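1. Requesting a structural model of the entry that follows:
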Amino acid sequence: MRTTIAGLAVFTLAATVAGHATFQQLWVAGEDQGSTCARLPANNNPVTSVSSSDIRCNVGGTKAAASKCSVPAGSTVTVEMHQQPGDRDCSKEAIGGNHFGPVIVYLSKVGDAASADGSSSWFKIFELGYDAATKTWGNDLLNEGCGKQDIKIPSNIAPGDYLLRAETIALHTASQSNGAQFYMTCYQITVTGGGSANPSGVQFPGAYSSSDPGIKVDIWGNGFQEYKIPGPPVYSG
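-> Numbers count the residues shown, from 1 in each chain. All right, here's what the predicted structure looks like:
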């Protein structure tokens, strides 16, 4: 549940490092794949520039993972986030320090998931922002669920290799320019089955602007009621 006391913003600034985190593991249809197909970043620090190529798959995100995970089209995958590498302790928040924000997931069709650099186009398959009625953020639910978020892979997309990009945007200091913090990891997957759809998408960098209302936003202000998730609409297929 999102804390509503604006005074906690001061605490948030001091707790920035404590809240850093990384998407680390992937589950496919309930089976734990660990980090075998995750391009793990060098550390749990955020990306802060939307114009850097690091916004694609994080710092060091062009380095291939150990393998690719086979994912049937139409199945459910689960991305898993934690604060420290390899620490899957559910008694700890997945992302702490009042780092409130949305959870967003993209796919990018590529020739070879092991060598793709993320410069291809990306289409959004999931987003979870802010529920004003309950004052709950997408990554609040990550914390409640031991860092896990289920994602449905579209059933009609063409088979082949994809990069799956899982992201949360921490907005605790986003009222200032370049204050939003982007935490993302790319997973190497091979989609099996499916259909023939090749959805159009967006480029990273390019999909986000530092002035987007979902990126430069004061979530602590008394007038904050609604949040607009950045990026394109979720693919409807």
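2. Identify the residue nearest the geometric centre of the protein.
-> Glu167 (1.1 Å; CA atoms, centre = their mean).
3. Output stretch 48-60 as PDB, nothing but the C-alphas.
-> What follows is stretch 48-60, C-alpha atoms only, in PDB (Å, rounded to 0.1, in the frame of the first residue of the first chain):
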ATOM      1  CA  THR A  48      18.500   7.700 -15.200                       C
ATOM      2  CA  SER A  49      18.800   8.900 -18.900                       C
ATOM      3  CA  VAL A  50      16.000   8.000 -21.300                       C
ATOM      4  CA  SER A  51      18.300   9.000 -24.200                       C
ATOM      5  CA  SER A  52      21.100   6.500 -23.400                       C
ATOM      6  CA  SER A  53      21.200   3.100 -25.100                       C
ATOM      7  CA  ASP A  54      21.300   1.700 -21.500                       C
ATOM      8  CA  ILE A  55      17.600   2.300 -21.400                       C
ATOM      9  CA  ARG A  56      17.200  -0.800 -23.600                       C
ATOM     10  CA  CYS A  57      18.500  -3.600 -21.400                       C
ATOM     11  CA  ASN A  58      20.400  -1.700 -18.600                       C
ATOM     12  CA  VAL A  59      24.100  -1.100 -18.200                       C
ATOM     13  CA  GLY A  60      26.000  -4.100 -19.700                       C
END
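4. which residues in this protein form helices?
-> In the chain, the segments counted as helices under DSSP state H are 8-14, 54-57, 138-144.
5. contacting residues around the shortest one?
-> Contacts with helix 54-57, where a contact means CB atoms under 8 Å, 6 or more residues apart in numbering, come from 39, 47, 49, 61, 117-119, 163, 165, 182, 184-186, 204-205, 208. The way it works is simple: take the backbone N, C-alpha and C, and place the C-beta from them, glycine included.
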